[in-house]
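Asker: Next input, structure requested:
(one chain, ligands or ions: 1)
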Amino acid sequence: MNKKKNRGSLIVLSGPSGAGKGTIHNELLKRDSNLTYSVSMTTRSPRDGEVDGVDYYFVSEEEFKKEIEKGSFLEYALVHGNYYGTLKKNVDDSLDKGLDVILEIDIQGALNVKEKASDAIFIFIMPPTMRELRDRLVKRGTETKEKIIERFKNAYKEVNEISKYNYVVINDEVESAVKKVQAIMLAERCRVDRIEEFDLNNQEELVHELLVDFNK
Ligand code: 5GP
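Answerer: Alright, predicted model coming up:
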C-alpha cells in the first residue's frame with residue numbers, strides 16, 4: 001500500500017551557544033539507532049577533550065577554503081570568527097542509506113540549508129532565559145571573556161530569528177527537551193508529504209474487487 005520514502009530526514013538544530021544543543025543531540029543519538037550526526041568541518045581550534053573526526057574535522061583556513069572551492073559543503077558560515085561547514089557527501093550518503101541526519105549549525109547555515117532542502121525539519125533550541133544562558137556560557141569555562149561576550153551578543157541576535165524555524169524547544173530541563181525533539185521527529189515521519197503517493201490504480205482495482213464481493 002503506501003510506502004514510506006526510503007530517504008532519511010534532515011533535522012537542523014540551531015540555537016545560541018550555551019542553549020544545550022550538543023547535550024540534546026548526544027542524547028538523541030543514544031536513543032535512536034536510525035539517527036546519525038553530521039560531523040562538521042571547522043577552522044576553530046579543538047577544545048580540551050575534543051577529538052578530530054568525532055566533534056569536528058579540525059582544519060586550517062587554507063584547507064577549509066580549498067573545500068569551499070571544490071564545492072564540498074552543503075552550507076558553510078563564518079561564526080564567531082571561525083569557519084564552520086557541513087560536508088555534503090557525508091549528509092547525502094547517510095540520507096541515501098535511509099538514516100535520519102542531525103545537523104547542529106548556526107542560523108546562517110540553517111537558512112542556506114532551507115534553500116537547498118526545504119523539507120528539512122528546523123528546530124530552534126532556546127535557553128530558558130538570557131540570564132541562564134549567560135551563566136551557562138561562563139560556567140562552561142571553555143572561552144575567554146571576550147569570546148563569551150561575543151557569543152552572548154550573537155545569542156541575542158539569534159533568538160530574534162526564531163520565526164525562520166518550524167519548531168522551538170525551550171531547554172529548561174534536558175530530559176523534557178529531548179522528549180520534545182523526539183516527538184517532533186516522530187510527528188514529522190507521519191506527515192502525508194513524507195509518504196510516497198498511494199498506488200491509486202492498485203487501490204482502485206482492490207476497491208472494485210471488494211465491492212464486487214459485496215454483491216456475491
Ligand atoms: P562551537 O564553536 O561552540 O562548537 O560552535 C559555534 C557555533 O557554530 C554553534 O552555533 C554551532 O551550531 C555552529 N556550527 C557548528 N558546526 C557548524 C556548521 O557546519 N555550519 C554552520 N553554519 N554552523 C556550525
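Asker: Let me know whether Phe122 touches Ala110 as I believe.
Answerer: Yes: counting by Cβ atoms under 8 Å, Phe122 does reach Ala110; the two are 6.0 Å apart. Quick note: C-beta positions are derived from backbone N, CA and C, even for glycine.
Asker: Touching both of the two, which residues are there?
Answerer: Common contact partners of Phe122 and Ala110 (Cβ atoms under 8 Å, 6 or more residues apart in numbering): Val12, Ser14, Lys164, Tyr165.
Asker: Show the buried residues in those.
Answerer: With burial judged by 16 or more other Cβ atoms under 10 Å, the buried subset of these is Val12, Ser14, Tyr165.
Asker: So the second one versus the ligand, what's the distance?
Answerer: If you measure Ser14 against the ligand using Cβ to the nearest ligand atom, to the nearest Å, the figure is 6 Å.
Asker: Look up how far Asp100 lies from that residue.
Answerer: 17 Å (Cβ to Cβ, to the nearest Å).
Asker: Name the helix or strand for the residue of the chain found nearest the ligand, please.
Answerer: Relative to the ligand, the nearest point of the chain is Gly109 (2.3 Å; Cβ to the nearest ligand atom). Using DSSP states H and E, Gly109 maps to helix 107-116.
Asker: what's the average pLDDT for that helix?
Answerer: Here helix 107-116 scores 95 as its mean pLDDT.
Asker: With only the CA atoms kept, save it in CSV.
Answerer: Taking C-alpha atoms only, helix 107-116 is exported to CSV below (Å, rounded to 0.1, in the frame of the first residue of the first chain):
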residue,chain,number,x,y,z
ILE,A,107,21.3,30.3,11.8
GLN,A,108,23.1,31.4,8.6
GLY,A,109,23.8,27.8,7.9
ALA,A,110,20.2,26.8,8.6
LEU,A,111,18.9,29.4,6.2
ASN,A,112,21.3,28.1,3.5
VAL,A,113,20.1,24.6,4.1
LYS,A,114,16.5,25.8,3.8
GLU,A,115,17.1,27.0,0.3
LYS,A,116,18.6,23.6,-0.8
